[in-house]
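**Q** Fold the following.
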Amino acid sequence: MKVTLVNKSDIRGGAAIACYRLFKALNQGGCKANLLVQQKITEDAGISTTTNTWIKRKWIFFQFVLEKMIFLFYEKSKEIRFSFSLANTGENISKRKVITDADIIHIHWINQAYLSLGSIKKLINLKKPVIITLHDMWSFTGGCHYAGSCDHFKVECGYCPYLINPHPKDISFRILKKKAKIFKDANITVVGCSQWMAELAKKSSLFKNTRVESISNPINTDIFKPSDKMDSRKIFGFPEDKLLILFGAANIFETRKGLRLLYIALEILKSRYPELIYKVELVLFGKANYPLTLPFTTHYVSYRNTEEELATLYNASDIFVLPSLEDNLPNTIMESLSCGTPVIAFNTGGIPEMIDHLSNGYLAQLESSEDLAEGIYWSLFKADREHLAQNARKKVLEKYSPQIIAEKYISLYKQILV
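**A** All right, here's what the predicted structure looks like:
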């Protein structure tokens, strides 16, 4: 059984990291898996790229810019520019050897000028079984990656809140209609990384009559594991006598990641417990477009280049806070829990499947900075943090280990090849 995974990049971005970890887990589990990407960063021999020349890379970048320039005529504001994908530019990968030799084509995240809707149609026309893993909602919406409170995708899109001039037949309506034609009678199986995402897919107009499963992403528990906190702090030069709150994301200013609500929660803590200014400090990692002024002393760390470095960062911290307003199955939460670092987050999306309230972390009421502040204070000063740490690690070992996830996917592959 040969499986080819398809993703924009091998390790750049949350979906890429999840796909790469699955690629590794499958091969370790005895399944022959290849990974075809547009942007290759690792040196892994099992990963092939479609852009192996300077000219091809420049051409792809031009297509990406072109797609975004076209969307300028539609977008409501620049803040949502990367939250909506037209998928009107892309590559034809249907004739590549890793595709034609594959028994199963397993599509992951393919936007930003990798695969267009036409490219996806060409893959489906090969009549091979196709699996689509949902790292966000794009596959069953009219273009948005997360729909927020909008549920138009359940019937038909139109009046899209992302567009400057929404109307019944707007671009979201037309994109969803194109997807409906492509997926009609196609041999596809859909997998949600979280049960939440799978349930949304089942309610969508595109996938309501399609087989939809839920299989989580895996994580390397031999890398993301508990280690000595003080040794970890020495590596980064963090103070050993403070309680450290960690927050991070690929882009910490992405509105969906909730930095504004975290700021308010920290202000609440500082006002309510002034003595915390001498006890608590912050650690931030990820892309930041400009310096932040936060209520507590803050250490800024660039996005980690290796998983080992990232694991050390989690181990250096006392808690990890991710105030996402909408999220699927965040790698950061899984990574933190695997290192035995409790997580405080909002009760939204697939996050409640990862955090067991008051057991391995704290689930705050959605959009409530007040409750987020309470969760931070409880985790640092009221909870048995050793007990939380043990439960966090146990949860990951039981649900997200590479062996468990690989077995689930291999079982699914066998079923659809029968």
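**Q** Tell me where the stretch 1-150 of the chain has helices.
**A** Counting by DSSP state H, counting those that start in this stretch, the stretch 1-150 of the chain has helices at residues 14-28, 54-71, 97-100, 117-124.
**Q** Break the protein into its domains for me.
**A** 2-218+401-417, 229-399 (automatic domain parsing).
**Q** Including mean pLDDT and mean neighbour count, could these go into CSV?
**A** Just so you know, the C-beta spots here come from the backbone N, C-alpha and C atoms, and that holds for glycine as well. What follows is these, written out as CSV (pLDDT from 0 to 100; neighbours: other Cβ atoms under 10 Å):
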stretch, mean pLDDT, mean neighbour count
domain 2-218+401-417, 96, 19
domain 229-399, 94, 19
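**Q** how about the strands in the protein?
**A** For the chain, the strands defined by DSSP state E occupy 2-9, 32-39, 47-49, 104-107, 130-134, 188-192, 211-214, 243-251, 280-287, 298-301, 319-322, 343-346, 361-364.
**Q** export those to TSV and tack on distance to residue 394?
**A** Formatted as TSV, the strands of the chain follow (distance: least, Cβ to Cβ, whole Å):
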stretch	distance to residue 394
strand 2-9	29
strand 32-39	28
strand 47-49	32
strand 104-107	29
strand 130-134	26
strand 188-192	24
strand 211-214	21
strand 243-251	20
strand 280-287	25
strand 298-301	28
strand 319-322	17
strand 343-346	14
strand 361-364	13
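**Q** Looking at those, which is nearest to residue 267?
**A** Evaluated with Cβ to Cβ, those place strand 280-287 nearest to residue 267, the distance being 12.6 Å.
**Q** what angle separates the closest one from strand 243-251?
**A** 20 degrees (axes from the mean of the first three to the mean of the last three Cα atoms, to 10 degrees).
**Q** What strands flank strand 280-287, and is each parallel or antiparallel?
**A** strand 243-251 (parallel), strand 298-301 (parallel) (DSSP bridges).
**Q** And the contacts of the shortest one?
**A** If you take Cβ atoms under 8 Å, 6 or more residues apart in numbering as the criterion, strand 298-301 is touched by 236, 238, 248, 281-285, 288, 292, 313.
**Q** As a markdown table, these with distance to residue 205 would be great.
**A** Putting these into a markdown table (distance: Cβ to Cβ, whole Å) gives the following:
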| residue | distance to residue 205 |
| --- | --- |
| 236 | 48 |
| 238 | 50 |
| 248 | 36 |
| 281 | 48 |
| 282 | 43 |
| 283 | 43 |
| 284 | 40 |
| 285 | 39 |
| 288 | 38 |
| 292 | 41 |
| 313 | 42 |
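**Q** need the contact list for residue 257.
**A** 249, 251, 322-325.
**Q** How about residue 339?
**A** 224-227, 311, 314-315, 392-393.
**Q** can you tell me how far it sits from residue 158?
**A** Going from residue 339 to residue 158 by Cβ to Cβ, to the nearest Å gives 44 Å.
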